[in-house]
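# Turn this into a model:
(one chain, ligands or ions: 1)
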Amino acid sequence: MGGIEFLKGHGTQNDFVLLPDPAGRLDLTPERVAALCDRQRGLGADGVLRVVRPAALGVESAGEWFMDYRNADGSLAEMCGNGVRVFARYLVDAGLVTEADFALGTRAGDRRVRVHPDRSVTVHMGAARIVGSSVTAVAGREFSGIAVDVGNPHLVSFADDDVADLDLRDQPAFDRDVFPHGVNLEFVNVLDADALRMRVYERGVGETRACGTGTVAAVAAAVHLAGTDTGSSTVELPGGTVRVTVEHGASTLTGPAEIVARGELDEGWWAGAARP
Ligand SMILES: N[C@H](CCC[C@H](N)C(=O)O)C(=O)O
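Numbers count the residues shown, from 1 in each chain. Now for the predicted structure:
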């Protein structure tokens, strides 16, 4: 068997290793995902996107391809908004899809994407549901947040002072009774009626430079606070800027998607990475 092909890509500097694996043959253990994402002993990434046929995983999808997303710690997540943009960019560049507008499968269900001529991508992200409220604490400072379900769990906290000053080196505290499977934590400044600034501490990763589902959660929470259920906003992140629209039961995320490199994993490294 030839070497194991990989690609490296990012969406607003939320970076991923892509593994083309149509038949789902790779034994993608949590240990191998964590090793691939390790920025010293592996390639380094916030997550892994396995490119696989839905049938190979035994799942139904209107799309020909399924995004098998894993967090950097090896854990599964239902959905990854920046990842879908990079995944769609890869499928078009590799000639694996011929349309610019197509559906693909994710653990949160099918998502439609449109790859634009300027190489940006729009993802139809589905409903962003306000599901309650809770609290979090960063370096001992408490925030109250709005819980939003974007297929994966989020807690969006609005801050008055600049979120750039928050110390997000450690996992902020959160209520495990409210979020038994963990939660992605967004910290947001409102810049204008249609502009937010955000930082994020991601479940299964840590602080990332961007989180696509997190930007949808942040705009949905801002729109909810404004007393309505439709709106749109740019969201400025450390890794770049995206545009989000939300309406009742639907949302879209538009932003850049880059493929950085392609290569082959060393067979010996891959074999050794399976072990904890
Ligand atoms: N860490 C997230 C998954 C990745 C989300 C993020 N990278 C995005 O772009 O949406 C979770 O465990 O739900």
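
# how many neighbours does residue 148 have?
Look at residue 148: counted by other CB atoms under 10 Å, it has 28 neighbours. From N, CA and C alone the C-beta is placed, and that goes for glycine too.

# Show me what it is bridged to.
residue 130, residue 154 (DSSP bridges).

# from now on call the first residue 2
That works, and once the first residue is 2, the last one we named lands at residue 149.

# Now do the same contact list for it.
If you count contacts by CB atoms under 8 Å, 6 or more residues apart in numbering, residue 149 has them with 129-132, 155-157, 217-218, 221-222.

# Now name the helix or strand holding the closest residue to residue 261 other than its chain neighbours.
Among residues not flanking residue 261 along the chain, residue 9 sits closest, at 4.5 Å (CB to CB, 6 or more residues apart in numbering). According to DSSP states H and E, residue 9 maps onto strand 5-12.

# Flag every buried residue along that strand.
5, 7-12 (16 or more other CB atoms under 10 Å).

# near the ligand, which residues of the chain?
15, 48, 72, 78, 81-84, 153, 185, 203-206, 212-214 (CB under 6 Å from any ligand atom).

# please redo it, this time with the cut-off set to 8 Å
Counting by CB under 8 Å from any ligand atom, the chain comes close to the ligand at 12, 15, 47-48, 70, 72, 76, 78-85, 151, 153-155, 183, 185, 201, 203-206, 209, 211-215.

# residues in contact with the following helix or strand past the strand holding residue 9?
Using DSSP H and E, the next helix or strand after strand 5-12 towards the C-terminus is strand 15-21. The contact list for strand 15-21 (CB under 8 Å, 6+ apart) reads 5-11, 27, 29, 37-38, 44-52, 81, 83-84, 87-88, 91, 95, 209-213, 240, 260-261.

# pLDDT of strand 15-21, averaged?
Averaged across strand 15-21, pLDDT comes to 98.

# That strand pairs with which strands, and in what direction?
As assigned by DSSP bridges, strand 15-21 forms pairs with strand 5-12 (antiparallel), strand 48-53 (parallel).

# Of all the residues in the host helix or strand of residue 270, which ones are buried?
In this assignment (DSSP H and E), residue 270 forms part of helix 268-274. By neighbour count with 16+ other CB under 10 Å, helix 268-274 contains the buried residues 271, 274.

# And the helices in the stretch 152-277 of the chain, which stretches?
Counting by DSSP state H, counting those that start in this stretch, the stretch 152-277 of the chain has helices at residues 213-226, 268-274.

# With mean pLDDT as added columns, please give the ones you listed in CSV.
Output for those, formatted as CSV (pLDDT from 0 to 100):
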stretch, mean pLDDT
helix 213-226, 98
helix 268-274, 95
